[in-house]
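[1] Please find the sequence and the predicted model below.
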Amino acid sequence: MKRKVTKAIFPVAGLGTRFLPATKSVPKEIMTLVDRPLIQYAIDEARAAGIEDFIFVTSRGKSALEDYFDHSPELESALRKSGKTDLLDTLKATNMDSGAIAYIRQHKALGLGHAVSCARKLIGDEPFAVILPDDLIASEKPCLQQMIEAYQDTGGAMVAAMEVTPEQTSSYGVLDVLSEDGSVVKVKGMVEKPAAGTAPSNLAVIGRYILTPRIMQNFKNIERGAGGEIQLTDAIAYELTAGRDIFGYKFEGERFDCGSKAGFLQATVSFALKRPELRDEMAGFLKSLDVDKALAG
């Protein structure tokens, strides 16, 4: 019987330099998308998928991220006294129970694989998920929930996959596909950021993973990749050398790259249009824009 996935790692140690100067004092993960910080969307997705233990891999300057998930007795008291029960309920949804969330420091920026490996002692011998908050996925059924349901049938390691254009493949880890069965593909290889024209497919790895605890041991067996960084993709691909399975899952939903300014803005507009109280006003504003004039100016 496969063990239930109840732990998730959130690598949030990055400096967010593409959003400077905003991220000089504010962690990128708590920058607001409509009325919730980016990290809240990742937490909500994890909760919906049954995650119970939340492991944040952070770095210096991320104290505001930790404070966000703490209780705020003064604010809660003020809302209660003023009868603002709706806002109180909204606020409580951001609180994390004592013991449910853990913070680990990544002291050196050695890549995503290194960030994940920092949590090895908290993972122990259990399967676990990895969620990259920069990859925001809008879907009726949360992406990680889709994957966990598929994982119950497949086992092994599983990565979220999305079709991209041939021109985009050099920006992603790309799957070399052995076979397909609906939304699930069996993988025979993974290539990190292949050179133009050399990608084995157009299925790119997106920031959702379900991994076995063996992955933590694999980091000892791989060499550092480009820029001297330890790549998570390489540690996953090492499973194939040991004869173990890797699967890709073609999730249903729309992915936004919120690690880029354009992607963050696109997500903001898209999510605002889905909100009943904002939809009409936002749609009216967008229709009123003179795009040709803006581009010319």
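    All right, it came through fine.
[2] from here on, contacts and neighbour counts on C-alpha atoms
    OK.
[3] What sits closest to the residue positioned nearest the centre of the chain if chain neighbours are left out?
    In the chain, the centroid-proximal residue (C-alpha atoms, centre = their mean) is Leu132; its distance is 2.3 Å. Of all residues not flanking Leu132 in the chain, Gly207 sits nearest, at 4.9 Å (C-alpha to C-alpha, 6 or more residues apart in numbering).
[4] who touches the one you found in this structure?
    By C-alpha atoms under 8 Å, 6 or more residues apart in numbering, the contact list for Gly207 reads 130-135, 159-160.
[5] Most neighbours among these, please name it.
    Most neighbours among the contacts of Gly207, by other C-alpha atoms under 10 Å: Val159, with 28 neighbours.
[6] hey, what's that residue bridged with?
    On the basis of DSSP bridges, Val159 is bridged to Tyr209, Gly248.
[7] Least confident secondary structure element in the chain?
    When the helices and strands of the chain are compared on mean pLDDT, DSSP states H and E, helix 291-296 comes out lowest with a mean of 74.
[8] I figured the residue nearest to the centre of the chain was touching Arg208, is that so?
    Yes: assessed by C-alpha atoms under 8 Å, Leu132 is found in contact with Arg208 at 6.5 Å.
[9] how many neighbours does Ala196 have?
    Ala196: 12 surrounding residues under other C-alpha under 10 Å.
[10] let me redo that: Ala119
    Around Ala119 there are 23 residues (other C-alpha under 10 Å).
[11] Can you give the distance from stretch 75-92 to the centre of its chain?
    29 Å (C-alpha atoms, centre = their mean, to the nearest Å).
[12] Please report phi then psi for Ile131.
    The phi/psi pair for Ile131 (degrees, to the nearest 10) reads phi -120, psi 120.
[13] From Leu240, how far off is it?
    Distance, Ile131 to Leu240, by C-alpha to C-alpha, to the nearest Å: 22 Å.
[14] which residues of this structure fall in helices?
    Counting by DSSP state H, one finds helices in the chain at the ranges 38-48, 63-68, 73-81, 85-92, 112-117, 120-123, 143-154, 214-218, 232-241, 261-273, 276-288, 291-296.
[15] Mean pLDDT lowest where, among those helices?
    Ranked by mean pLDDT, these bottom out at helix 291-296, which scores a mean of 74.
[16] Just grab the bridge partners of Phe128 for me.
    Beta bridges link Phe128 to Leu211, judged by DSSP bridges.
[17] Could you count how many residues lie near it?
    23.
[18] gap between Arg18 and Asp35?
    Per C-alpha to C-alpha, Arg18 is found 21 Å from Asp35.
[19] contacting residues around Glu167?
    Residues in contact with Glu167 (C-alpha under 8 Å, 6+ apart) are Ala196.
[20] Distance check, it against Ala204.
    Counting by C-alpha to C-alpha, the separation of Glu167 from Ala204 is 12 Å.
[21] The least confident helix or strand of the chain: which residues count as buried?
    For helix 291-296, the neighbour count (16 or more other C-alpha atoms under 10 Å) marks no residue as buried.
[22] What of stretch 144-163?
    Neighbour-count burial for stretch 144-163, counted by 16+ other C-alpha under 10 Å, picks out 144-148, 150-151, 154-162.
[23] Pull the distance from that stretch to the chain's centre.
    Counting by C-alpha atoms, centre = their mean, stretch 144-163 comes out at 14 Å from the chain centroid.
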